[in-house]
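Trainee: Structure for this input, please:
(one chain, ligands or ions: 1)
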Amino acid sequence: MIVIKSSQEIELMRKAGKVNAEIFEGLRTFVKPGITTLDIDKYVEEVIKKRGMIAAEKGYCGFPASVCTSVNDEVVHGIPSKDRVLLDGDIVSVDLVVQYQGYMADSCRTFGVGSISGQAQKLIDTAEKSFFEGIKYAKEGYRLFDISHRIQEVVEGEGFGVIRDYTGHGIGTEMHEDPAIPNYGKAGKGPRLQKGMTLAIEPMIVEHSYETETLLNNWTVVTEDGGLAAHYENTLAITDGEPDILTI
Ligand code: MG
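Mentor: Numbers count the residues shown, from 1 in each chain. Predicted structure coming up:
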């Protein structure tokens, strides 16, 4: 069941989402060669606490940290660690859920560490571009997979792959609500979009094959072929006009 939110509920999600945006702004200079992924976790936790909010990922299904940090061939759900030192040329996806008065905002960015390859930069840029192309269809009256289809078209058009095993999702008082939002699909299919739906749209894209596997820690998802992965996500509300992005 897709839960429609009132404008008051959407405002609470926006308040949380402002903290997501603040954190990513800060991480643009914080992420550099020599820091660890645990340093990112501490940074994120501190800002969220300072704003009086909650890092919703901590403890979610037993997740041990405040944020997911996925490096290079890690697609999603990487666990911050003091032993994972970021090196020049790495890329790291930071996926973050902030909770305020019970309402959540979910977003992700992939950062280059120091100087990265042209291919890595293209992958990061394509994830972002596919999001903004996809949300041209995130309006009342379109169907959900119109968004999915456009994301797939943009990503594959650049010669990259779209992850199949993980999708975007509705969000609100729960981190994962209906509907699931695949980053691939047929235009004209899926639920019809309605004002007040709040969706986390998140292209997860890879250099080559979209096949994934989960490491023995039961969390970290990597590409099976070792290719790089990038991830771009925002939470938005459907309106009768342009989508209202809550995490920018
Ligand atoms: Mg997320």
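
Trainee: was I right about Thr212 contacting Gly226?
Mentor: No - contact between Thr212 and Gly226 fails when scored by C-beta atoms under 8 Å: they sit 11.4 Å apart. For every residue, glycine as well, the C-beta is placed using N, CA and C.

Trainee: Compare these two and say which is more crowded by neighbours.
Mentor: It is Thr212, of Thr212 and Gly226, that has more neighbours when counted by other C-beta atoms under 10 Å, with 21 against 11.

Trainee: The longest helix seen in the chain: which residues count as buried?
Mentor: Of all the elements of type helix in the chain, the one with the most residues (DSSP state H) is helix 7-30. With burial defined by 16 or more other C-beta atoms under 10 Å, the residues of helix 7-30 counted as buried are 9-10, 12-21, 23-24, 27.

Trainee: Kindly report the same for stretch 210-224.
Mentor: Of the residues in stretch 210-224, Tyr210, Thr212, Trp219, Thr220, Val221, Val222, Thr223 count as buried by neighbour count, 16+ other C-beta under 10 Å.

Trainee: how long is that stretch end to end?
Mentor: End-to-end distance of stretch 210-224: 8 Å, with C-alpha to C-alpha, to the nearest Å as the criterion.

Trainee: Residues contacting it, please?
Mentor: Under the criterion C-beta atoms under 8 Å, 6 or more residues apart in numbering, residues 63, 70, 73-79, 161-166, 206-209, 225, 229 lie in contact with stretch 210-224.

Trainee: And the ion, is that stretch touching that?
Mentor: No - when contact is scored as C-beta under 5 Å from the ion, no part of stretch 210-224 falls within range of the ion; the minimum is 12.8 Å.

Trainee: do the same with stretch 39-54
Mentor: No - legend: contact between stretch 39-54 and the ion by C-beta under 5 Å from the ion is lacking; minimum distance shown is 12.6 Å.

Trainee: what does that stretch rub up against?
Mentor: Counting contacts by C-beta under 8 Å, 6+ apart, the residues touching stretch 39-54 from outside are 16, 19, 22-23, 26-27, 30-31, 55, 58, 65-67, 69, 80, 92, 94, 96, 98-100.
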